[in-house]
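> Sequence first, predicted coordinates after that:
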Amino acid sequence: MAKVKKIIFTPSKIRVIISFLFFLLLYTIIFVRFFLLQVNKKDFFKNLGTQQYNIDVKVTPPRAQIFERSGKISLALNKKTKSAFVLPKKFNNKKQTMSFLKKYYPNAYKQIIKHPNKYFVWVKRKITKQEQAKISKKNIKDIQYLKETQRFYPFPSLAPVIGFTNIDNDGIAGLELKFNQTLAGTPTILKIEKDARSSKFYFKKEIQKQGENGKPIRLTIDDKLQFLVSRELEKTVLDHEAKEGCVVVINPLNGEILAMTSYPGFDPNSKNITDIENTKNKAVTECYEFGSVMKAITALSALQEGLVTLDEEIDCEGKVTYIDKIRVENWKSVDILPFKDVIRFSSNVGVAKIAKRLDTKLYDNFKKLGFGQPTNLGFPGERSGYLNPPEKWSRSSLFVLSFGYEVSGTIMQLAKAFSIIANGGYEINPKLIMKKETNKVLPKKLYSYDALEQTKDILESIGKKYKVGDFRIMGKTGTARMVIDGKYSKRRHVYTFAGIVEKDDYKRVIITFIKEPRRANIWASELTGPLFQRVAEKMVLHDRLNNNL
C-alpha cells in the first residue's frame, strides 16, 4: 500500500496561498465590476457620456424692432448689456466674494447660503456700467459676465402705447405684449457634440429645430407729431396742476392714429417701474362720462332722424325747468334759441327736449357710433365702456344721456365717433398698425350728407373760437362731474374737447382731455379748448413742413 505524502504548510507556503487567494478575489471583484460597468449598466454610462459631449443649445433670435409710420425710425430697439453671475463650486476667493455679495448683492448671497451646492447663481441681470466698474475696482474675479440684450425705448412719450418687456425680454405691457410672439420669433434648437474638456470646441453641430426671426411691426404713429403733442399736454397738465391728461390725433379717413399720449407717463427704460397706474394707455383703458361733448351726438341723431332743423326755435326756459317732472338745469340762463344755438350755448334743457323726441333712437345712435363696445383696436386692456340700455332707464335716463351721463366711454371711442362725423358718415375703426390694404371694401355709410353738414355747421359755430389759420375748425366742449363715493362731486371734474380740423381733402380729429385740475371753477372752453388749438397749430405746421398737407 502506497504511502500518502504529508503536505506541510510552512509559513512561506501559507503566505503564497494567502496572496494567491487575495489576488484571485481581487481579480474576481474587478471582473464582476467590469461586467457590471460594460454589460449590465452599459446604457446608463453611455447616456452619461453622451450628456458630457452631446448638448442641446437654444439660440434665441434678437427681438424685432417697432418702427414709426415711415419705417425709418425705431421706437423699440435692442441694446447690448451684460449680466453678472458666479459659480459657487469654482470660487477662487470664496471669503472675498461672499463678503462682497453680502454687502452689495444680498439676494445672490442668500441664494448661495440657502443652496450651497448650486452650480450657477445670478448676481444681477442687465447690470449697469457703474456696477461693473465697482466690481472691477474691488477686483472680484469670481464674478463673471454673460452678454445679453435688452430693450431700449428712445421715445418715453410713447411708453404707454408701446409698453415694455421683462428681464427675459418678453412683452408684458402694451404693444410689446400684444405682439410678443411676432416680435420674439422662435428659437433654433441645436444639438452639439462638444469636446468634454473644453467649452470652445465641438465636433459636430446639427439643427434639431429651425427657428424664425421675429417680424418687425410698423405703427401708424408719427414720432415727430407725437413729441409735439406730448409737450403741449405736459405743459397744460403742469400749468393747471391736473391729475392727468390725454390727447389723441387720428386721420378720420382711414382710422390711422397719428399721436396718442398721456401724462403723467413713466420711463420704460427704468428697471424699477413702481407706479403701474401711469403705465396704462389711458386713451383706451379708462372710461369716463364726458358730459356736454356728447350733445354733438344728440344733435347728429336728431338731424339724421329728421326730428329737428337748425333754425327751429327751442324754449330753454331760463336757468331751471321741469320736463316730465324731472328737474333739468342749464349752466347759465338762456331762453328761446334756434336749435343750432342750443348746442352752441350747451343748453341742457334744450337738448333734453330734443332727446324726448328721439326716445330710444338716441340709444341706437350712440350704439351706432361705437359707444358701449370695443373699437376693435385690439389694444391690451381696452375697455368697452357702458351705455345704459332703454330697458334699464329711469325717468331721467333719456335726458341725462342726451348731455353725456349714463354713458361712459374711452377717449378712443370719442375719437371714433367724431371721425365718423368728419369722414362723411362712414364706419371706421381706429388702427395703430400699418397694413397694406389688399381687398379694399367700401365702408358702411351710417349717416346722410345733410345731417352731417348740419352737425358740422353747429360744431363750426363753436370751433371758430379756436381758429387755426385758414382751416375749418369744428368742435364741442365737455365739462363733466366725476362720481366720488357714489355721488357726483361739485369740485372734481373731467374736461374734454373733441375737434375736427379740415381743409379740402385734409381732415384730422383731435381729442384733448384733462382730469381734475386744481382749480375747480373752470370750463372746458378755458382748458381743453385752448389745448386743442395749440395741438392743431403744431400739427398743421408739422404736416406742411413734411408735405402731408
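Ah, there it is.

> How about residue 178: what's its closest non-neighbour residue?
The shortest distance from residue 178 to any non-neighbouring residue, by C-beta to C-beta, 6 or more residues apart in numbering, is to residue 380 (5.4 Å). Yep, even glycine has a C-beta here, placed from its N, CA and C like the rest.

> Correct me if wrong: that neighbour contacts residue 174.
Yes: between residue 380 and residue 174 there is a contact under C-beta atoms under 8 Å: 6.6 Å.

> Which of these two has more residues huddled nearby?
Shown here are residue 380 and residue 174; by other C-beta atoms under 10 Å, residue 174 has more neighbours (25 against 17).

> follow-up on the earlier one: quick check: neighbours shared by residue 380 and residue 174?
residue 163 (C-beta atoms under 8 Å, 6 or more residues apart in numbering).

> Report the next helix or strand after the one helix or strand residue 95 maps to in sequence order.
Take DSSP states H and E as the rule and residue 95 turns out to sit in helix 94-104. Later in the chain than helix 94-104, the nearest helix or strand by DSSP H and E is helix 106-114.

> quick check: mean pLDDT across the very next helix or strand once past that next one?
Using DSSP H and E, the next helix or strand after helix 106-114 towards the C-terminus is strand 121-127. Strand 121-127 shows a mean pLDDT of 88.

> The helix or strand that comes right after strand 121-127 to strand 121-127, inter-axis angle?
Going down the chain from strand 121-127, the next helix or strand is helix 129-137, by DSSP H and E. Using axes from the mean of the first three to the mean of the last three C-alpha atoms, to 10 degrees, the direction of helix 129-137 lies 140 degrees away from that of strand 121-127.

> what's helix 129-137 packed up against?
strand 74-86 (3 or more C-beta pairs under 8 Å, 6 or more residues apart in numbering; DSSP states H and E).

> what lines up beside the strand it packs on in the sheet?
Strand pairing for strand 74-86, using DSSP bridges, gives strand 66-67 (antiparallel), strand 121-127 (antiparallel), strand 144-152 (antiparallel).

> how far is it from where the chain is centred?
Per C-alpha atoms, centre = their mean, to the nearest Å, the displacement of strand 74-86 from the mean C-alpha position of its chain is 21 Å.

> quick thing: my sequence starts at 66, can you match it?
I'll keep to 66 as the first residue from here, and by that count the last item is strand 139-151.

> So which bits of it are buried?
Neighbour counts using 16 or more other C-beta atoms under 10 Å place 139, 140, 141, 142, 143, 146, 147, 148, 149, 150, 151 of strand 139-151 among the buried residues.

> just the residues you listed now: which is nearest residue 411?
Closest to residue 411 out of the buried residues of strand 139-151 is residue 140 (39.3 Å), distances taken as C-beta to C-beta.

> Report the spatially nearest residue to the closest one, omitting neighbours in sequence.
Per C-beta to C-beta, 6+ apart, closest to residue 140 is residue 131, 4.8 Å.

> What is the neighbour count of the one you found?
Residue 131: 26 surrounding residues under other C-beta under 10 Å.

> Most widely separated two among the buried residues of strand 139-151?
140 and 151 (36.2 Å).

> Per-residue pLDDT of residue 443, please?
Reported pLDDT for residue 443: 89.

> Can I get the lengthiest strand in the chain in PDB? Just the C-alpha atoms.
Counting by DSSP state E, the longest strand found in the chain is strand 552-568. The C-alpha trace of strand 552-568 is given here as PDB (Å, rounded to 0.1, in the frame of the first residue of the first chain):
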ATOM      1  CA  LYS A 552     -72.100 110.800  -5.700                       C
ATOM      2  CA  TYR A 553     -71.400 113.500  -8.300                       C
ATOM      3  CA  SER A 554     -68.700 115.800  -7.000                       C
ATOM      4  CA  LYS A 555     -69.100 119.600  -7.300                       C
ATOM      5  CA  ARG A 556     -65.300 120.200  -7.300                       C
ATOM      6  CA  ARG A 557     -63.800 117.300  -9.200                       C
ATOM      7  CA  HIS A 558     -64.300 117.300 -13.000                       C
ATOM      8  CA  VAL A 559     -63.100 116.000 -16.300                       C
ATOM      9  CA  TYR A 560     -62.700 118.300 -19.300                       C
ATOM     10  CA  THR A 561     -62.900 117.400 -22.900                       C
ATOM     11  CA  PHE A 562     -62.700 119.000 -26.400                       C
ATOM     12  CA  ALA A 563     -63.500 116.900 -29.400                       C
ATOM     13  CA  GLY A 564     -62.400 118.800 -32.600                       C
ATOM     14  CA  ILE A 565     -62.200 118.400 -36.300                       C
ATOM     15  CA  VAL A 566     -59.600 120.200 -38.500                       C
ATOM     16  CA  GLU A 567     -60.500 120.300 -42.200                       C
ATOM     17  CA  LYS A 568     -59.300 121.800 -45.400                       C
END
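
> Let me know the next secondary structure element after it.
Counting by DSSP H and E, the next helix or strand C-terminal to strand 552-568 is strand 571-580.

> Distance of residue 456 relative to residue 428?
As judged by C-beta to C-beta, to the nearest Å, residue 456 and residue 428 stand 10 Å apart.

> Quick one: end-to-end length of stretch 423-438, please.
This stretch, stretch 423-438, spans 21 Å end to end (C-alpha to C-alpha, to the nearest Å).

> what comes up buried for it?
So, applying 16+ other C-beta under 10 Å, buried residues of stretch 423-438: 423, 426, 427, 428, 430, 431, 433, 434, 435, 436, 437.

> With stretch 524-541 instead?
Within stretch 524-541, judged by 16+ other C-beta under 10 Å, the buried ones are 524-528, 531, 533, 536-541.

> Am I right that residue 590 is in contact with residue 542?
Yes: the pair residue 590 / residue 542 is scored as a contact, 5.1 Å apart, by C-beta under 8 Å.

> So which of those two has more stuff around it?
More neighbours surround residue 542 than the other of residue 590 and residue 542, with 28 against 16 (other C-beta under 10 Å).

> The more buried one bridge partners, please.
residue 562.

> if we can go back for a sec, for residue 451, which of the strands paired with strand 139-151 is the nearest?
Closest among the strands paired with strand 139-151, using C-beta to C-beta: strand 131-132, at 32.3 Å.

> Would you convert the buried residues of strand 139-151 into CSV that also reports pLDDT?
Below are the buried residues of strand 139-151 laid out as CSV (pLDDT from 0 to 100):
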residue, pLDDT
139, 94
140, 95
141, 94
142, 92
143, 91
146, 87
147, 87
148, 88
149, 89
150, 88
151, 88
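
> Closest one of those to residue 377?
So of the buried residues of strand 139-151, ranked by how close each gets to residue 377 (C-beta to C-beta), first place is residue 140, at 50.4 Å.
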